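> Please work out how this folds:
(2 chains)
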Amino acid sequence: MNSPSSQPAGRPTLPELFLRDLRAAFPESAVLTRHEDLIPYGFDGTAALRQLPGAVVFPRDAAGVAAVLRLARTHRVPVVSRGSGTGLSGGSIPVPGCVVLCLGDMNRILELDTKNLTLLAEPGVITQKIYDTADAAGLFYPPDPGSMKISTIGGNVSENAGGLRGLKYGVTRNYVMGLEVVLADGSTVWLGNKCVKDVAGYNLRDLFIGSEGTLGVITKVLLRLLPKPAARQTLLATYASMDAAAETVSAIIAAKIIPCTLEFLDQRTLRCVEAFAKVGLPTEAEALLLIETDGHPAAVADEAERIEQICRAQSALAVRRAASADEATRLATARRSAFSALARLRPTTILEDATVPRSELAKMIRFINETAARHQVEVATFGHFGDGNLHPTFLTDERNQEEMHRVEAAMKEIFDYALSLGGTLTGEHGVGLAKKAFLPRQLGDPTLELLRAIKRTLDPDGLLNPGKIFD
Amino acid sequence: MSSATPPPQPDTTGNLLRSLDYSVLQQCMHCGMCLPTCPTYVETGRERHSPRGRIALMRAIADGELEVNADFGEEMYYCLGCLACTTACPAGVDYPNLFETARAEIERKGVLDTRKRRTVRWFALRLIFTRPRLLRALGRLLWLWQASGLQSLSRRTGLTRLLPGQLADLEPQTPRIQRHFSDALINPVERPAGPTRHRVALLTGCVQDLAFSDVNRATVEVLLANGCEVITPRAQACCGSLHAHNGDTATARELARRQIDAIDPDSVDAIISNAGGCGSHLRHYDHLLADDPVYAARAVTWSRKLRDIHEWLAEIGFRRPAAPADSPASEPQRVTYHESCHLCHGQKVSRQPREILRALPGVELRECAEATWCCGSAGIYNITQPETAAWLQTRKIGHVQATGASVVATANPGCHLQLENGLKRATPAGSATPSVVHPIVLLAQAYAAEAKATGRASK
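Numbers count the residues shown, from 1 in each chain, chains lettered A, B, ... in the order given. Got it, this is the predicted structure:
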């Protein structure tokens, strides 16, 4: 992990002429430069990383975004794009002397096409609103990152956000059919369309998904929707050991069942979530699985039955079914609060995102616990068991330098081990600042050089979110 | 968490945010879960006007990166203090503590000080709302003005329009003062007809006492009907919530001590509040007086026994009123419930008022969208920030109207007035304006109807 700068951030200054031009191009309320206005844009959802920007600008359309990028290029000012600032790898944290390009005011849903099952949105639309809009039309937008109540679709695409339904439905990438992108020179391109099949030219759309604002600024997103599943059933299974829970996951997959959700919480996480959400989680259990199956009612009933049998066969302490759709929603919402709820225990909560092939899950979990014990650091683990995406969360205090060193040492070992199992540093949070020190090890030099070559081509002046993902 | 945090010291010379336990500030891990629930963030879309943005500013002050200035002061008074963020916050940030400390620091530094503001604050916080008899005397004068017809006369003749700008806007919002205040309606001790199961003290409030003494009487009726002996001390003072929320911690402490002097918490099973805003503050006397050598212990007992009336009724298993047997089956009365911020977010009492409303015969509870959103009243917010207050009021009234309810139940005097005024303005001429009623008044009416029917039946 990059050494976090929790130092008081200096007051970086922007070229006077840049600010003058910016103010001339935008209304007063769309350009923030006062210290009090900038401080709250100095961080995102990532722990222990802060940097004050030089200004924040709120364009209302692609033309406004292009204007900012042209001015930035003229005056050689770095640009960091941002949605709601809920990212977990520092992707939207300002770089010194930058302008933050906040897309929150571009928040309209432009079209819901029920004939083609697509939705066209501006980047500042809140993920939950996309879900709700689709839902109201009997449709379904599956990606559901933990912060979906406030995260923006532009941010989701830029970080290729995942969520609880990744196992069956995939991640944001699987739902992006088209993107409008403003490039570093201020030109606007449209990548993709409403066609299910399209092989005309390079697939550049996918290049921008997960590019963390380093290649261009997304100004429109065309999303694919699905028909809403007719039925769903949520189950809770509790275990006396994490191993038993991990074995259950393997057994469910081996039985050729792909549930929509297969979430895991360890006891520490369980207790924090229950303290906040009060949904009646069994806090005495060592481990808990939250499982949801969805689809045709008959298939759901059958799968729920088989899942329940498998859980019992794997020595679950108890298996409980959610009594209603309301209860199922409450349970999923409670699970989504896990990361924030863990902040109840210690002042600083550092969330990691190591992901391994599912077959290696039990090994990975054991290693995390051993490593935490060896370095005497506190770790709570939860995550998307079904897709091997773990969230070991370090509970620490950023003001305790000595403890932070131990956390970093443990974290490095966990990353190394995940890679040795054929895993990845990050399943869904992105590299940003937090993981860029580890990326070379995962990618290797030739791949990293390819990334750099792409970056140089699309952003020759190195002004788009510089210093993120790699240097 | 709040119990581990020493309360701020208003009299020391140090910056209050700097002397605050740093872990309270650190508790915010800026995940952003609060953002969609914060009315001022939703209104502007600017981080500074969000809970995590405000906490970042406070932290910058504690870190010495930012001075307490007028900009910060205005920001902290732009915050409604609705505490919706505390319900949304999985990390359990003690925002009320941060909010009150920040406002106290703003007042200590005097960064918003003007002669007018100083006069208004002195008049309201130090004069009227510390002297219950003076407040009641003023209430009596206002009642005379209203009851004599002078108010409507001056409204009709346009005399009220001669008031200076803001006062003219506020005049129509003046609460209707009750002919009788609580002391005239409630005996110092009232005992239930049947066996006494509990002994409780009733807080009558200040605004509640002048404008809604009927709610206080209804509260007594409902408590009696549920086997509670009710002790109601005379001429009660303001609970101090107004002061604590507006940066006057010293006066808030003084008023808390007076409340504890008036009601010995050891002598009762529960101390009952029926106003959301007061209850939220009253519950935290333990925190407020934690450093007081004389009162700290009693304040802890006080906080432990403080109950909102709905909460208390649910806890003791209130009696469900029976539908009068001889009443003809008619269309159910549609009631919607607006949650007072400080009842649902401040006290986390949300389920119980609905239980009571659902228990009422002939009532259909219709949920309204954004029921937990602030209505814009927010203490004196509708006076200090009229634009945002009006935006919230309009938003709220729209949701209320969408339910088609003829009655809006709410349990806080500020909300009550804000809704009443909003509905009056928004209801087209010729249509019936939905009425605003405290849930406990509805319950008392149901008990009364039941008793009347039983009386008739036994004749």
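> same question for stretch B:227-247, mean pLDDT?
Stretch B:227-247 shows a mean pLDDT of 93.
> Any idea how many residues pack against residue 398?
Reading this off chain A. 19 (other CB atoms under 10 Å in any protein chain shown). Placement of C-beta: from N, CA and C, glycine included.
> Please refer instead to chain B.
By other CB under 10 Å, neighbour count at residue B:398 equals 14.
> can you check residue B:188 too?
Neighbours of residue B:188 (other CB under 10 Å): 10.
> per-residue confidence at it?
pLDDT at residue B:188 comes out at 97.
> same thing with the one 4 residues further on?
What the model reports for residue B:192 is a pLDDT of 97.
> and the stretch 51-200 of chain A, which of its residues are near chain B?
A:58, A:84-86, A:104-105, A:107, A:126, A:128, A:147, A:149-151 (CB under 8 Å from any CB of the partner chain).
> Compile the residues you listed into JSON lines and extend it with columns for neighbour count.
Shown next, in JSON lines, are these (neighbours: other CB atoms under 10 Å in any protein chain shown):
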{"residue": "A:58", "neighbour count": "22"}
{"residue": "A:84", "neighbour count": "28"}
{"residue": "A:85", "neighbour count": "31"}
{"residue": "A:86", "neighbour count": "28"}
{"residue": "A:104", "neighbour count": "23"}
{"residue": "A:105", "neighbour count": "18"}
{"residue": "A:107", "neighbour count": "19"}
{"residue": "A:126", "neighbour count": "23"}
{"residue": "A:128", "neighbour count": "16"}
{"residue": "A:147", "neighbour count": "30"}
{"residue": "A:149", "neighbour count": "21"}
{"residue": "A:150", "neighbour count": "24"}
{"residue": "A:151", "neighbour count": "26"}
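> Look up the closest residue to residue B:50, ignoring the ones flanking it.
residue B:41 (3.8 Å; CB to CB, 6 or more residues apart in numbering or on different chains).
> How many neighbouring residues does the one you found have?
25.
> That one is in contact with residue B:32, isn't it?
No. Using CB atoms under 8 Å, residue B:41 makes no contact with residue B:32, being 9.9 Å away.
> looking at this, residue B:336 is in a helix?
No. Under DSSP: H, G, I helix; E, B strand; the rest coil, residue B:336 sits outside any helix and is assigned strand.
> Could you pull up the contacting residues of it?
B:365, B:366, B:367, B:368, B:371, B:400, B:403, B:405, B:407, B:408, B:409 (CB atoms under 8 Å, 6 or more residues apart in numbering or on different chains).
> Which strand residues bridge it?
Residue B:336 forms beta bridges with residue B:408, as assigned by DSSP bridges.
> Could you report the pLDDT at it?
pLDDT, read off for residue B:336, is 98.
> Okay, it and residue B:318: tell me how far apart.
21 Å (CB to CB, to the nearest Å).
> do the same with residue A:51
55 Å.
> any residue of stretch A:382-393 up close to chain B?
No. Against chain B, stretch A:382-393 shows no contacts by CB under 8 Å from any CB, the least distance being 10.8 Å.
> Residue B:362 - how many residues pack around it?
With other CB under 10 Å as criterion, residue B:362 counts 15.
> Then residue A:402?
Per other CB under 10 Å, the neighbour tally for residue A:402 reads 6.
> do the same with residue A:351
Every residue meeting other CB under 10 Å relative to residue A:351 is counted, giving 26.
> Format the residues of the stretch 51-200 of chain A next to chain B as a markdown table; extra columns: secondary structure and pLDDT.
Shown next, in a markdown table, are these (DSSP: H, G, I helix; E, B strand; the rest coil; pLDDT from 0 to 100):
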| residue | secondary structure | pLDDT |
| --- | --- | --- |
| A:58 | coil | 98 |
| A:84 | coil | 98 |
| A:85 | coil | 97 |
| A:86 | coil | 97 |
| A:104 | coil | 97 |
| A:105 | coil | 97 |
| A:107 | coil | 98 |
| A:126 | strand | 98 |
| A:128 | helix | 98 |
| A:147 | coil | 94 |
| A:149 | coil | 96 |
| A:150 | coil | 97 |
| A:151 | coil | 98 |
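> Might you report the residue contacts of the residue of the stretch 151-300 of chain A found nearest chain B?
Residue of the stretch 151-300 of chain A nearest chain B, by CB to the nearest CB: residue A:276 (4.6 Å). Neighbouring residues of residue A:276 by CB under 8 Å, 6+ apart: A:334, A:337, A:340, A:341, A:344, B:90, B:92.
> Residue A:91 too?
Counting by CB under 8 Å, 6+ apart, residue A:91 touches A:44, A:158, A:159, A:212, A:213, A:430, A:431, A:432, A:433, A:465, A:468.
> ok, back up a step: sec struct for the residue of the stretch 151-300 of chain A closest to chain B, please.
helix.
> What's the separation between it and residue A:210?
30 Å.
> swap in residue B:309?
For residue B:309, the distance to residue A:210 - CB to CB - is 53 Å.
> can I see the domain layout of the chain?
Reading this off chain A. A:16-102, A:109-227, A:231-339, A:346-443 (automatic domain parsing).
> was after chain B, sorry
Taken from automatic domain parsing, chain B resolves into B:2-109, B:128-173, B:182-316, B:333-458.
> Mind telling me which of these the model trusts least?
domain B:128-173 (a mean of 77).
> Could you list the contact residues of chain B toward chain A?
Counting by CB under 8 Å from any CB, chain B sits next to chain A at B:1, B:23, B:26-27, B:29-33, B:35-36, B:45-48, B:50, B:52-54, B:56-57, B:60, B:63-66, B:69, B:71-72, B:75, B:89-92.
> before we move on, the earlier item: quick one: which of the domains of chain B is nearest residue A:176?
When these are compared by CB to CB, domain B:2-109 sits nearest residue A:176, at 22.6 Å.
> what ranges do the strands span in the stretch 201-350 of chain A?
A:217-224, A:226-227, A:231-239, A:261-266, A:287-295, A:318-321, A:348-351 (DSSP state E, counting those that start in this stretch).
> can I get the domains of chain A in a markdown table with distance to residue B:210?
What follows is those, written out as a markdown table (distance: least, CB to CB, whole Å):
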| stretch | distance to residue B:210 |
| --- | --- |
| domain A:16-102 | 39 |
| domain A:109-227 | 41 |
| domain A:231-339 | 37 |
| domain A:346-443 | 45 |
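> Point out the one among those domains that comes closest to residue B:158.
So among these, domain A:16-102 is nearest, using CB to CB, at 36.8 Å.
> circling back to that earlier point, can you list the domains of chain B in JSON lines and add distance to residue A:117?
Below are the domains of chain B laid out as JSON lines (distance: least, CB to CB, whole Å):
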{"stretch": "domain B:2-109", "distance to residue A:117": "27"}
{"stretch": "domain B:128-173", "distance to residue A:117": "50"}
{"stretch": "domain B:182-316", "distance to residue A:117": "45"}
{"stretch": "domain B:333-458", "distance to residue A:117": "27"}
